[in-house]
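Novice: got a structure for you, letters missing:
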């Protein structure tokens, strides 16, 4: 059997891949910076006519990014020593219900067929902010998989369904600030099965994201805003995954890159809709499950002790001029999530 094209374990091949990745990385970073410059240029007239206070906010947001006020570590947030120990911790619980069944090969029959099961997920998140907007967060998942006869289906989990996911970095919610975040949502395992070549985590298959938040100019907001509590905010990010599976060659490849543009439209108080558009500098790196865009809407209140209800769709959505993969990219490929948050 001949080796599939696109991967070789020879040192020469590895070195070429590394050098190619570095060249493409430099190129995409340049594209990202040029995109930001073009964005600012497009709205330069709006910024030029803005109040001095707004200009100061932009400069303040940029200059305050990645701040590390070590003196804050010595401050006591609460009179109680117990509360001070757990200060900075927050989290939440969630239940996610998909709108359609997931299909799998049916067992116990000689004919090749598929059966459906509903992949419901319960999750618990723990987040810790030790200082400023630096944080680390982990989410643990439980799967309530039931087949068409409402019988528990413990073997319905896919290899990419994680026991837990994690993310850390710097992420300031204020506009005009930069962020740098690492996230890993792959098939992480608490108790990996070595026979299945599972590991606790594959760190290189996580994604690094360098982003910048902005506020849409007021003259554009006024076209869409229907209530004074509404508004439109956005972000642009460069995303880099050091190692990923390429379905075309069935091999691990390196340095998958994308640029994303996200917009969130607050309709009324906590009611919102959002969309994120993706651009892949190297189209061959885009996998069937990588979306052209994602979207969501619902009611989200960030205050602790509140309940939020959201619809989100992260499937392989495609623009009309792109062909989508089977069983992806429809409204039913999304899920409804009910969550409750807390803060110490």
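Specialist: Everything's here; your move. This structure is a prediction, so every number in the text was calculated from the model and none was measured.
Novice: distance of the spatially closest residue to residue 134 that is not a sequence neighbour from residue 242?
Specialist: Excluding its sequence neighbours, the residue lying closest to residue 134 (CB to CB, 6 or more residues apart in numbering) is residue 170, at 5.3 Å. (Each C-beta comes from the backbone N, C-alpha and C, glycine too.) Using CB to CB, to the nearest Å, one gets 19 Å for the distance from residue 170 to residue 242.
Novice: which non-adjacent residue is nearest residue 288?
Specialist: Nearest non-adjacent residue to residue 288 (CB to CB, 6+ apart): residue 325, at 3.9 Å.
Novice: that neighbour against residue 287, yeah?
Specialist: No - at 9.1 Å, residue 325 does not count as touching residue 287 under the criterion of CB atoms under 8 Å.
Novice: the more surrounded of residue 170 and residue 242?
Specialist: Neighbour totals were compared for residue 170 and residue 242, and residue 170 leads with 17 against 14 (other CB atoms under 10 Å).
Novice: confirm for me that the more buried one is in contact with residue 66.
Specialist: Yes - under the criterion of CB under 8 Å, residue 170 makes contact with residue 66 at 5.4 Å.
Novice: list the residues that contact both of these two?
Specialist: Counting by CB atoms under 8 Å, 6 or more residues apart in numbering, the residues touching both residue 170 and residue 66 are residue 180.
Novice: hmm, back to that, tell me which helix or strand the residue nearest to residue 288 sits in.
Specialist: Assigned by DSSP states H and E, residue 325 belongs to no helix or strand.
Novice: neighbours of it, how many?
Specialist: Residue 325, neighbours per other CB under 10 Å, totals 14.
Novice: list the contacts for it?
Specialist: 288-289, 316.
Novice: do that again at 10 Å, thanks
Specialist: Residues counted as contacts of residue 325 (CB atoms under 10 Å, 6 or more residues apart in numbering) are 247, 287-290, 315-316, 318.
Novice: got any ranges where the stretch 151-300 of the chain has weak pLDDT?
Specialist: Applying pLDDT under 70 to the stretch 151-300 of the chain flags residues 151-155.
Novice: so which residues of it form helices?
Specialist: Per DSSP state H, counting those that start in this stretch, the stretch 151-300 of the chain carries helices over the ranges 218-224.
Novice: now for the nearest residue to residue 203 once chain neighbours are set aside, how many residues are close by?
Specialist: Among residues not flanking residue 203 along the chain, residue 184 sits closest, at 6.9 Å (CB to CB, 6+ apart). Neighbourhood size, residue 184 [other CB under 10 Å]: 20.
Novice: same thing with residue 265?
Specialist: Residues near residue 265, counting by other CB under 10 Å: 19.
Novice: what bridges to it?
Specialist: In this entry, residue 265 is beta-bridged to residue 232, residue 273, by DSSP bridges.
Novice: I'd guessed it sits against residue 223; true?
Specialist: No - contact between residue 265 and residue 223 fails when scored by CB atoms under 10 Å: they sit 11.2 Å apart.
Novice: quick one: contacts for residue 60?
Specialist: Contacts for residue 60 (CB under 10 Å, 6+ apart) come out as 174, 176-177.
Novice: ok, so what distance separates it from residue 169?
Specialist: Distance, residue 60 to residue 169, by CB to CB: 21 Å.
Novice: do the same with residue 74
Specialist: Using CB to CB, residue 74 is found at 23 Å from residue 169.
Novice: got any residues that touch both of residue 325 and residue 287?
Specialist: Common neighbours of residue 325 and residue 287 (CB under 10 Å, 6+ apart) are 247, 316.
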